[in-house]
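Chemist: Just need the structure, nothing else, for what follows:
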Amino acid sequence: MPFYEKGQTRIRYEEAGSGCPLLIIPGGGLNASIAGLADHDFNPMEEFRDAHRCIAIDLRNSNGGESSGPLEVERPWDAHADDQIGLMDHLGIDRFMVLGFCIGGPFIWNLLSKVPDRIVAAVLVHPSGFNPDAPGFFHRMNSKTWGPQLCGRRPDITMETVDAFLANMYPDTADFVFTVTREFVRGCETPVLILPDDIPPHPYAMAMETARLAPNAQVSLFPWRKSPETISLALRHIDTFLTAHRLAEEASSR
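Modeler: Below you'll find the model as predicted:
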């Protein structure tokens, strides 16, 4: 189980396959971990390893993973972006694709805002975002689950710090994807494929709004999670999308 370390931060990652690098961000909110991929609708480490160098990451301070680091109250999203970009640098990878579940959606938009020239294409699988029908959902949920567990195993972190962290990560003023503005999405030229969902943490309206705004967006069938057959169709769409951009990237680098 390899680790990437920088300062006080220690990030566990796992690799499978070879080819075009594909960074994988598991779902599960702030408890996202590599182990959690086994419970997802599909495991990209298994599905895409034949043509991609799949690299999955345990989220910093996930209670289900082995990554750890400071709780950066003033920059919650950017601290995770540091981990993701830093891991790619550590592995000597310049250009890569990224696929993220749930919280991976906001993470991907943040990466696209910080290193747009390094990301070939992105897949957002049931992305999380602000839901007007469930305001404050993420702050409340993480205050009940992630925060107390983290404090229980990290005596250096208090619930007061957790609350401040969550308030900055999911502010009361949020009304979109938490990490970027609609103006940014409207101007983002990176190809994205969005697989929408329709539950409180994965609002359909937000996913479809990003799809309408992003100039090079595609949308999978909906609902794609209802049966093995529809999941298979969604996987076919993801594979076609990744293959097209992988081949284009390989052609441009010759």
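
Chemist: Tell me the backbone dihedrals of residue 46, please.
Modeler: Dihedral angles of residue 46 (phi, psi; degrees, to the nearest 10) stand at phi -90, psi -40.

Chemist: neighbours around it, how many?
Modeler: The number of residues packed near residue 46 is 13, by other CB atoms under 10 Å. C-beta: built from backbone N, CA, C; applies to glycine.

Chemist: Show me what the closest residue to it other than its chain neighbours is bridged to.
Modeler: Nearest in space to residue 46, with sequence neighbours left out and distances taken as CB to CB, 6 or more residues apart in numbering, is residue 16 at 7.6 Å. Taking DSSP bridges as the rule, residue 16 bridges to residue 54.

Chemist: Extract the C-alpha set from stretch 24-33 and format it as CSV.
Modeler: Taking Å, rounded to 0.1, in the frame of the first residue of the first chain, the C-alpha atoms of stretch 24-33 are listed here in CSV:
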residue,chain,number,x,y,z
ILE,A,24,-10.1,8.0,-9.4
ILE,A,25,-11.8,9.8,-6.6
PRO,A,26,-14.1,7.5,-4.6
GLY,A,27,-17.5,8.6,-3.3
GLY,A,28,-18.7,8.6,0.2
GLY,A,29,-18.3,12.2,1.1
LEU,A,30,-15.5,13.1,3.5
ASN,A,31,-15.3,9.3,4.3
ALA,A,32,-14.4,8.5,0.7
SER,A,33,-11.8,5.7,0.5
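
Chemist: any idea how far that stretch is from the chain center?
Modeler: A distance of 7 Å separates the centroid of the chain from that of stretch 24-33, by CA atoms, centre = their mean, to the nearest Å.

Chemist: buried residues in that stretch?
Modeler: For stretch 24-33, burial by neighbour count (16 or more other CB atoms under 10 Å) applies to 24-33.

Chemist: I'd say residue 66 and residue 58 touch.
Modeler: Yes: when contacts are counted by CB atoms under 8 Å, residue 66 is listed as touching residue 58 (5.5 Å).

Chemist: Find residues that contact each of the two.
Modeler: 12, 33 (CB atoms under 8 Å, 6 or more residues apart in numbering).

Chemist: the more surrounded of these two?
Modeler: Counting neighbours by other CB under 10 Å for residue 66 and for residue 58 shows that residue 58 has the greater number, 26 against 15.

Chemist: Contact partners for that one?
Modeler: By CB under 8 Å, 6+ apart, the neighbours of residue 58 are 11-13, 26, 32-34, 64-67.

Chemist: Next, count neighbours for the nearest residue to residue 233 once chain neighbours are set aside.
Modeler: In this structure, residue 233 finds its nearest non-sequential neighbour in residue 221, 6.0 Å apart by CB to CB, 6+ apart. For residue 221, the neighbour count with other CB under 10 Å is 12.

Chemist: Can you show me the helices along the chain?
Modeler: 44-47, 76-90, 104-114, 137-144, 146-153, 159-169, 182-187, 204-213, 228-252 (DSSP state H).
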